[in-house]
Every structure is written in structure tokens, then in C-alpha cells.
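# next come a sequence and a model predicted from it.
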Amino acid sequence: MTHKPAHKPAGIPEGGQFAATSHAEPALSLTVESRFDAEAHAELNAAIRADTARVEEAKRKLSRMHLDAAVAIVRKDFPDAAGLELDFTSSSGMTARAVRDRDGNVLSEGTSWIYSSPGDGSYLCSHLDAVQQSLFYNGAEGFRYEDETGALVVNLDHRFSAPAPPAPVLGGFTAAEVEDYLAREQHDRQCGCHLPDGICCTPSYGENWRHRMGVPDVEGIFETIQEMAGEKP
């Protein structure tokens, strides 16, 4: 009778001590922190849109001011002018084509005169180059298109930029009048001369005596008082 010796201790499962058995792994839970702040994102987007709108409106306002400057230059050379014909090309930008009177007669033609300047260092061509092209296509007043020539005609009788707001007045005096009064009072205390011909006798003051008197910003004070008065119940 053949005897087979046992090669493993009793009670060890078939397959040895490293045999596969059923077991459960612990559940893993990963918490990922969100880096997207929806509220901050929305606030920043809103701020950017608001800033962009303000910048675009400022650009349109500046364009209208340049148009008024161009009109003034044309009127300086051609007092009877009523229309300024413009032509736009992708290569040369905005170019003045002609100036006409109210009867349609050509007062000047060609482009040589667009370098005219009122003497303040600005030129007609520089003002036209600074005008946003989109201004002409947004239904702005003061323009019309000539179907026959394709020219854009600027109405020289139209004011494109809003007039400056009137100077604030309190008690019947403007801020400039109050500042002048305060400057003279301060000058009398510091110097005492009678400002012959509007010039201080002190050489270091001279014509600039007003700017050396330390006068407060009266116009700003006026505006603040008006705002406070408007908010007062």
C-alpha cells in the first residue's frame, strides 16, 4: 500500500495559503473642488460689457467732435459751404472729395485743400481720419448719400456733438467769476499791487498770478452743492 505524505497543513484551502478568496475593497470617494465661480464670472462679464459700452460711446462722442472740428475748418475757408462730400476707400480711408454751396455749386474740388488748418496744429484730413466709419452707418443725423456719385455728404449746418453744458451758477455768479474774485482777494493779501494791465508787479508771478494764488476748485464746489441740493428731500 502506497502512502502519499501531506504537503500542506490540514485546514488550508485548496490552492494554498495564497489562493483567491472573496474579499471587498474599501470604497474610494474623491472630492474635486470646483475652480469656477459662476457668480464672479457673471459679475466680471457684466462689468466688461458696461466698460465696453462706455468706451464705445466715448469713441462715438469723440468722432462727432472731430466732425465738428472738420466743419469749422471747411467753413473757415468756404464760409458759404453747405455740404462736404466724402469718399471712403479701404486703401486711403476717408477722403474729402468736394465742397458745395446750398445751390449745389462746387466751391472746391480735389484733395489738396484737405490739409487746410485753422492754425491750431490740427488739419482737416487728421480730423476725418479720426472719425469712426461706423458712425456713418448707424443712422446718425447730418449725413446723406448721393446715389449718382456714391459720395457721403456731410451737412455743414448740422452740429454733431452736444454743446457744452452751461456753467453752474449760484447766487447769480458763475464759478469763473467766483474764482477770479477769490484770486484777486488772495493776491491783494500776498502782494498788494493793483495788477496793472492784468499783470502782477512781482516778476515771479507776472501773467500767471492767478495760478499761484491757491484758489480752490470753485466749479467743483458748485457742482457738489447742486448735487446735494437735488438729493435733499
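Ah, there it is.
# where does the record place the domain boundaries for this structure?
40-155, 169-231 (automatic domain parsing).
# export these to JSON lines and tack on distance to residue 163 and mean pLDDT?
Every C-beta, even on glycine, is put in place using the N, C-alpha and C of the backbone. Formatted as JSON lines, those follow (distance: least, C-beta to C-beta, whole Å; pLDDT from 0 to 100):
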{"stretch": "domain 40-155", "distance to residue 163": "10", "mean pLDDT": "79"}
{"stretch": "domain 169-231", "distance to residue 163": "16", "mean pLDDT": "72"}
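# a markdown table please, covering those and showing mean neighbour count.
Formatted as a markdown table, the domains of the chain follow (neighbours: other C-beta atoms under 10 Å):
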| stretch | mean neighbour count |
| --- | --- |
| domain 40-155 | 15 |
| domain 169-231 | 13 |
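# could you dump those domains into JSON lines and include distance to residue 33?
Listed next are those as JSON lines, based on distance: least, C-beta to C-beta, whole Å:
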{"stretch": "domain 40-155", "distance to residue 33": "15"}
{"stretch": "domain 169-231", "distance to residue 33": "46"}
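# do you have the helices of the chain handy? List them.
38-77, 124-129, 175-190, 218-231 (DSSP state H).
# can you lay out the ones you listed as CSV showing distance to residue 162?
What follows is the helices of the chain, written out as CSV (distance: least, C-beta to C-beta, whole Å):
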stretch, distance to residue 162
helix 38-77, 8
helix 124-129, 18
helix 175-190, 20
helix 218-231, 18
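# how far away is residue 39 from residue 56?
From residue 39 over to residue 56 the distance is 26 Å, taken as C-beta to C-beta, to the nearest Å.
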